[in-house]
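Chemist: sharing a model that was predicted from the sequence below.
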Amino acid sequence: MIYNRRVKILVARSKEEIESACEKLSASAILGCDTETSSLSARTGRLLSAQFSDGDFNVLVPISEGVALGKFTEILENPQIIKIFHNAKFDLEFLRENGYQAQNIFDTMIAEKILTRGANQSASLAETLYRYFAVDLEKSHRAKFNKSWDGVWTDELVHYALSDVVYLPKLMREQIAWLERLGLQNEFAVQLKRVSQ
């Protein structure tokens, strides 16, 4: 287990750690979700990890170390829990290619594209989090996830991977409020349905 003072972090390597984390996170109505992968192609690349966060408790499952998702499969499939992704299409393709299904998806990238249409603004997660929360995401570590990476998760890589997912629950709440204010919920629902199928 890795913890720091501000954010609770668990690298779940054992069945017991995964079950304990799932018990805690399955009580949440919404969870931020993300994956790290070895490439952009789900057919030729490898799924290296899956990350989950309720905004306070953050878990990384190091698939590259031979760890299976275990009970996290039930969380992904649970229709009562909203799974929040940024660019869900990408993550869902990797999850499906590895035999995992996810239900009840919210895509913060689609929401941001709808909200910023015509404003000439990027919908990348880094730009989006900076606009909403003045958060600077460090993305240089992404380059380490290549064919020559040894698959071992250092504290530095764990913090990098979880930095994306920890803000997703808060971001979703902000975006839903704006979608409602601007009357864009139906358009979002239509576009999200295309990704979720």
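Modeler: Structure received. Residues are numbered from 1 along each chain as shown.
Chemist: check which helix or strand Ala126 maps to.
Modeler: Taking DSSP states H and E as the criterion, Ala126 maps to helix 125-133.
Chemist: Lys83 too?
Modeler: strand 82-85.
Chemist: next secondary structure after that strand?
Modeler: Assignment by DSSP H and E places the next element after strand 82-85 at helix 88-97.
Chemist: using CSV, write down the CA coordinates of that following helix.
Modeler: The C-alpha trace of helix 88-97 is given here as CSV (Å, rounded to 0.1, in the frame of the first residue of the first chain):
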residue,chain,number,x,y,z
ALA,A,88,-14.2,6.4,-22.9
LYS,A,89,-14.0,5.0,-26.4
PHE,A,90,-10.3,4.4,-26.0
ASP,A,91,-10.5,2.8,-22.5
LEU,A,92,-13.5,0.7,-23.4
GLU,A,93,-11.8,-0.7,-26.5
PHE,A,94,-8.9,-1.9,-24.4
LEU,A,95,-11.1,-3.3,-21.6
ARG,A,96,-13.3,-5.1,-24.1
GLU,A,97,-10.3,-6.5,-25.9
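Chemist: begin at 59 from now on, thanks
Modeler: That works, and once the first residue is 59, the last one we named lands at helix 146-155.
Chemist: chain center to that helix: distance?
Modeler: 11 Å (CA atoms, centre = their mean, to the nearest Å).
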